[in-house]
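Chemist: Sequence first, then the predicted structure, then my questions.
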Amino acid sequence: FQAAFIASYYDPVFSTYYQQKRAEGKHHKVAVGAVARKLCHTIHAVLKNNTPYEIRQ
């Protein structure tokens, strides 16, 4: 949860996703939970495919 909270501020992809959820009217904790889920999927894909995570600008 804390990693998702930080990612929602500093990573452009997760920040955009967080802002989309907030624009939908979601509460802050719900939006961070959605970012956490997306972060878990991203981490799983990185480990599964053995590729580095690259921040998209």
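Modeler: Nice, I can see it.
Chemist: any idea how far residue 37 lies from residue 52?
Modeler: To residue 52, residue 37 is 21 Å away according to C-beta to C-beta, to the nearest Å. From N, CA and C alone the C-beta is placed, and that goes for glycine too.
Chemist: now whichever strand or helix holds residue 14: mean pLDDT?
Modeler: Taking DSSP states H and E as the criterion, residue 14 maps to helix 12-23. The pLDDT scores in helix 12-23 average 97.
Chemist: Next, find the distance separating the residue of the chain most remote from its centre from residue 44.
Modeler: Most distant from the centre of the chain: residue 50, at 19.4 Å, with distances by C-alpha atoms, centre = their mean. Look at residue 50 and residue 44: by C-beta to C-beta, they are 12 Å apart.
Chemist: What of residue 34?
Modeler: Separation of residue 34 from residue 44 (C-beta to C-beta): 16 Å.
Chemist: okay, those two: which has more neighbours?
Modeler: The neighbour count for residue 34 versus residue 44, taken as other C-beta atoms under 10 Å, is higher for residue 34 (20 against 10).
Chemist: Which residue, other than its chain neighbours, is closest to the more buried one?
Modeler: Setting aside the residues directly before and after it, residue 34 is nearest to residue 21 in space (C-beta to C-beta, 6 or more residues apart in numbering), at 5.1 Å.
Chemist: quick revisit: just after the helix holding residue 14, pick out the following helix or strand.
Modeler: From helix 12-23 onward toward the C-terminus, using DSSP H and E, the following helix or strand is helix 28-49.
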